[in-house]
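Q: Return a 3D structure for these sequence lines:
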Amino acid sequence: MLTLVTGTTGEVGRRFVPRLLSQAPQGDHVRVLVRDESRAAALADLGAQVAVGDLRDSEALGKALAGVDAVVNIAAAFRGVPDEEARAVNRDAALELGRASVASGVRRFVQVSTNLVYGTGRGRPHTEEDPTVPGGEMWGAYPESKAEAERGLLALEGGMDVRIGRLSFVYGEGDPHLAASMRWAAHWAATQRLQLVHHADVAQGLRRLLYAPGADGGIYNIADDAPVTAVDLHQLNGAEIPPALYERTDPDPWLGIVSTARIRRDLGFRPLYPSVWTAQDAGAL
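A: Numbers count the residues shown, from 1 in each chain. The predicted structure follows:
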C-alpha cells in the first residue's frame, strides 16, 4: 500500500510519519506532500517518497496522488491565522484533496480533525454521534472549518472509504503546544479542564484508522484518559497559580471532554500515555 500524508512538516505530521515508516508492513510505502522539498529531507532519509506542491494546486495534487492507495490528511491552519486562511486550508483544500483522491482511485482517506468540532458541552463526555453545536470560548473558524470538511468528505460520492480522527489537545516530545495552553489556562477557573493526547497516541490512533478493516465511514475520538485542570497546566508549565483562578466559575465543565469508548472497542486503542503525568514520568513531555 502506498500512503500519501499531508501536513508532514507540522508538529503532528513530522512526528507521525517516522512512526508510520518504522511500523509499516513489508511492501508498504509512504509519500509526503510538501511545499518546500528541503523541509522533507529528514523524512526522505527515513525512506519517505517526497512530492512537492501545494494542496490548493490541482496539478500538483494529481502528481502526488499517482498510484496512491490511501491518504492521511494532517494539513491544517490553526489559531492565529486569518479566518479566510483557516477555511481555505481546513475546509476547501481538504475537500479538493478528497475529490482529487476519488478521481485518482484512492481507496481510503483518513481526515485528521479536532474534538473542538463538538462545540458546547452536553453535560457528559462527547460521543461521535453528537452533532456540532457551535459555541463556547474555543469556537471559531478552526473548528467550524474542520466540521465542514468532515461533512463534505463523508458526503463524497465514488466509493472512497473516509475515516475521521478527532484529536484532543496534542502535546509531547518538545511540542510547544503545552506551553501555549497557558494563553487560555491563565484566564480559566481552577477546575476548568482540557483533554490531552500525546503525539505517540495520535500516531497510534491514526495508524489504526489507516489500517483497520471494517471502520469505513467511521468517526473516532483520539484522546487520553485524564483531562487536566487549569491548576495542573500551571504546574506542568512551572507557572505560579494566580489566586484569581480560585475565584472563577467554569462556564461549561464538559467543553471538549470526549469519550474514547468507540476507538477502544472497534480498533483496540489503548493510550500509551493515559495521562500527562505518565508522560512526564517517562520524560516524554
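Q: Was I right to think residue 16 contacts residue 201?
A: No. Applying C-beta atoms under 8 Å, one finds residue 16 not in contact with residue 201, separated by 11.0 Å. For every residue, glycine as well, the C-beta is placed using N, CA and C.
Q: which residues are in contact with both of those two?
A: Jointly contacting residue 16 and residue 201 under the rule C-beta atoms under 8 Å, 6 or more residues apart in numbering is no residue at all.
Q: Show the backbone phi and psi for the closest residue to residue 280 other than its chain neighbours.
A: Spatial nearest neighbour of residue 280, excluding adjacent residues (C-beta to C-beta, 6 or more residues apart in numbering): residue 236 at 7.2 Å. Per-residue torsions, residue 236: phi -60, psi -30 (degrees, to the nearest 10).
Q: how near is residue 236 to residue 183?
A: According to C-beta to C-beta, to the nearest Å, residue 236 and residue 183 sit 14 Å apart.
Q: More neighbours: these two, which one.
A: residue 236 (21 against 9; other C-beta atoms under 10 Å).
Q: tell me the contacts of that one?
A: 178, 228, 276, 280, 285.
Q: quick one: which of the residues you listed is most hemmed in?
A: The residue in the contacts of residue 236 with the most neighbours, by other C-beta under 10 Å, is residue 276 (25 neighbours).
Q: what about residue 251, distance to residue 34?
A: 41 Å.
Q: Neighbour count: the two, which is higher?
A: With neighbours defined as other C-beta under 10 Å, residue 251 and residue 34 compare such that residue 34 has more, 24 against 13.
Q: quick one: the more buried one and residue 143, what's the gap?
A: Between residue 34 and residue 143 the distance is 26 Å, computed by C-beta to C-beta.
Q: One more: residue 109?
A: Separation of residue 109 from residue 143 (C-beta to C-beta): 20 Å.
Q: With residue 256 instead?
A: 10 Å.
Q: and if you look at residue 273?
A: To residue 143, residue 273 is 24 Å away according to C-beta to C-beta.
Q: Flag every buried residue along stretch 278-285.
A: Neighbour counts using 16 or more other C-beta atoms under 10 Å place 278, 279, 284, 285 of stretch 278-285 among the buried residues.
Q: if I read this right, the last one contacts residue 278, doesn't it?
A: No. Under the contact definition of C-beta under 8 Å, residue 285 does not touch residue 278, with a separation of 10.5 Å.
Q: Now do the contacts for residue 240.
A: Residues counted as contacts of residue 240 (C-beta under 8 Å, 6+ apart) are residue 234.
Q: can you start the count at 126 instead of 1 from here on
A: Fine by me, first position is 126 from now on; the one you just mentioned is residue 365.
Q: Just the pLDDT for it.
A: pLDDT, residue 365: 96.
Q: hang on, residue 248 is in a strand, isn't it?
A: No. Looking at residue 248 with DSSP: H, G, I helix; E, B strand; the rest coil, it is coil, so not inside a strand.
Q: if I pick it, what's in contact with it?
A: residue 379.
Q: if I look at residue 326, how far off is residue 341?
A: 23 Å.
Q: more neighbours, the two?
A: Relative neighbour count places residue 326 above the other of residue 326 and residue 341, with 25 against 12, counting by other C-beta under 10 Å.
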